[in-house]
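S.K.: All I have is the shape, not the residue letters:
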């Protein structure tokens, strides 16, 4: 909550300063304000120590506002790159992180007695997700029954919980060594 308020304040201050600078530039370009006036205003501001401190603080505030907005934009891009869109309506869009999808698939694997190890990688796409699941199973496992069953359970779990289309499930099976 605190960062959102700070972002709004910094964006507002940046907008006001930018707006005033733009108005000044337009008025000077239209010869409404003589070019000397801009120089005189600058000289007045920097003539006193207090003016220099105010100008320095305003400059620092603008710099922090711009840095905050850039950091926020980068965070949003990273979040969207590591997530899949699960829906949207008039109030906004809903996303689920790739990490949450991978945990969900690992949970499906944990519920299978035959699976000894499970590694998951999910790639979000425009039309849904693709999952690569690597599992270790005992050598006596009947893969012709096990593999389609596991793939179906993964598709069902992800689709039922998120509504996402599971475009592809790549199942890589390592056979575990028999116990000694």
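M.R.: Structure received. Everything numeric in this text was worked out from a predicted model, so none of it was measured.

S.K.: contacts, neighbours, all on C-alpha from now
M.R.: Fine.

S.K.: low-confidence ranges in this structure?
M.R.: Where the chain drops to pLDDT under 70, the residues are 1-7, 18-19, 21-22, 24-31, 33-48, 51-52, 54-60, 62, 76-81, 177-180.

S.K.: Would you map the helices across it?
M.R.: Using DSSP state H, the helices of the chain run over 2-29, 35-47, 49-81, 98-110, 143-162.

S.K.: Span of stretch 90-102 from start to end?
M.R.: In stretch 90-102, first residue to last residue: 29 Å (Cα to Cα, to the nearest Å).

S.K.: For it, list every residue counted as buried.
M.R.: Buried residues in stretch 90-102, counting neighbours by 16 or more other Cα atoms under 10 Å, are found at 96-98, 101-102.

S.K.: Looking at the residues you listed, point me to the pair that's furthest apart.
M.R.: 96 and 102 (10.7 Å; Cα to Cα).

S.K.: what residues do these two have in common as contacts?
M.R.: Counting by Cα atoms under 8 Å, 6 or more residues apart in numbering, residue 96 and residue 102 have no common neighbour.

S.K.: Look at stretch 138-146 and report the distance between its end residues.
M.R.: 11 Å.

S.K.: likewise stretch 121-139?
M.R.: End to end - Cα to Cα - stretch 121-139 spans 24 Å.

S.K.: what's the answer for stretch 106-123, then?
M.R.: 15 Å.
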